[in-house]
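Q: Pasting the sequence and the predicted coordinates here, then a few questions.
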Amino acid sequence: MLALSGLTAGYHGGTALHGLDLDVPAGTVHAVVGHNGAGKSTLVHAVAGLVVPASGTVRVAGTDVTGRAAHRIARAGVGLVPQGRRVFAGLTVAEHLKVSHRPHRSPGAGSSAWTPDRVLGLLPGLAARTAHRGGQLSGGEQQMLALARALLGSPRVLLLDEPTEGLAPLVVQQIRELIATLAAEGIAVLLVSPSPALATDCADAVTVLTSGRVTAHMTGNTARAHPEKLREALSLATP
Ligand SMILES: Nc1ncnc2c1ncn2[C@@H]1O[C@H](COP(=O)(O)OP(=O)(O)OP(=O)(O)O)[C@@H](O)[C@H]1O
């Protein structure tokens, strides 16, 4: 569903991501793990069209979307949950859902179209907060709202940038379960995080990124059976 080939991107002539190859089939979770500055957000932004790749390709369900504007990539079926949530402090939850809902869903989304009611059914904590403004929500509630906003575009590919950053263990557990639920719906999930535990818990495949390069790759089953292998790969990844 998401296929990256030789993806290279950076800033001001410098390179932060070097020739990344990565496939995320529908219904699976691919975790990219790396330390601060490894290039995780650059990867997510290059897929979402917020950073223009210097070279390489981004394909969504076989369509080359490389270099397209972010809104066109969203329309092709890519949803982004950005690092830091980025909810609007002055808008209520209901207003967020209203402005995020795209009834004209992405091609191929089929029966998986998301409506505000369906999103609130998945996220009952938000359903009790529809009149609250973004700035009045807890960190966990803001994370759920950021997820709701992305789902309302009925994405085929979901990009999660550090979705558990700064959240309590109970909320982290909820997010793990939500990721599994969304993958079971057929969504291809690309998750980037510094947390090997999150990757180990919910990924089908795990890639370690070090200074913008892939330095290790393993299946989720290997990471679960031998968590020390992932920890070791990450300790070797110190920039
Ligand atoms: N807007 C920018 N302008 C210039 N350089 C940037 C910009 N954003 C990121 N970088 C640089 O690109 C490299 C990769 O950064 P990136 O944010 O992708 O890493 P990350 O793995 O997401 O880190 P973190 O976990 O801290 O969010 C770093 O060296 C960073 O300083």
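A: Received it, and whenever you're ready, just let me know what you need. Just so you know, these numbers come straight off a predicted model, no measurement behind them.

Q: Tell me the buried residues in stretch 83-95?
A: 83, 85, 87, 91-93 (16 or more other C-beta atoms under 10 Å). The way it works is simple: take the backbone N, C-alpha and C, and place the C-beta from them, glycine included.

Q: actually stretch 176-183, sorry about that
A: 176, 178-179, 182-183.

Q: likewise stretch 187-196?
A: Buried, per 16+ other C-beta under 10 Å, within stretch 187-196: 187-196.

Q: nearest to A69, of those residues?
A: Of all those, A69 sits closest to L190, with 19.7 Å by C-beta to C-beta.

Q: How much space separates the nearest residue to A150 once chain neighbours are set aside from the ligand?
A: In space, and not counting its chain neighbours, A150 is closest to G79: 3.5 Å by C-beta to C-beta, 6 or more residues apart in numbering. For G79, the distance to the ligand equals 18 Å [C-beta to the nearest ligand atom, to the nearest Å].

Q: now H18
A: Between H18 and the ligand the computed distance is 11 Å (C-beta to the nearest ligand atom).

Q: Make sure that residue is indeed in a strand.
A: Yes. H18: assigned to a strand according to DSSP: H, G, I helix; E, B strand; the rest coil.

Q: Tell me the pLDDT of it.
A: Per-residue pLDDT puts H18 at 96.

Q: Tell me where the protein has strands.
A: 2-11, 14-24, 29-33, 55-60, 63-64, 78-81, 157-161, 188-193, 205-210, 213-219 (DSSP state E).

Q: Quick check: mean pLDDT of the fourth one?
A: Computed over strand 55-60, the mean pLDDT rounds to 96.

Q: Ok, the shortest one next?
A: Within the predicted structure, the mean pLDDT of strand 63-64 is 95.

Q: How about the first one?
A: Along strand 2-11, the predicted confidence averages to a pLDDT of 96.

Q: Then stretch 186-199?
A: Here the average pLDDT along stretch 186-199 is 92.

Q: Tell me which stretches of the protein form helices.
A: Applying DSSP state H to the chain gives helices spanning 40-48, 70-75, 93-100, 116-122, 124-127, 139-151, 169-184, 196-202, 220-225, 227-236.

Q: Adding distance to the ligand, write these out as TSV.
A: TSV is the format used below for these (distance: least, C-beta to the nearest ligand atom, whole Å):
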stretch	distance to the ligand
helix 40-48	3
helix 70-75	15
helix 93-100	24
helix 116-122	26
helix 124-127	25
helix 139-151	16
helix 169-184	17
helix 196-202	13
helix 220-225	19
helix 227-236	12
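
Q: So, low pLDDT: which residues of the chain?
A: Applying pLDDT under 70 to the chain flags the ranges 104-112, 237-239.

Q: hmm, 80 instead?
A: For the chain, the stretches with pLDDT under 80 are 100, 102-112, 236-239.

Q: related to what we said a few turns ago, among the helices of the chain, which is nearest G212?
A: helix 40-48 (7.3 Å).

Q: which two in the buried residues of stretch 83-95 are spaced the farthest apart?
A: So, these by C-beta to C-beta: farthest apart are Q83 and T92, at 23.1 Å.

Q: What distance do you get for G186 to A61?
A: Between G186 and A61 the computed distance is 11 Å (C-beta to C-beta, to the nearest Å).

Q: which among the buried residues of stretch 176-183 gets closest to K229?
A: R176 (20.3 Å).
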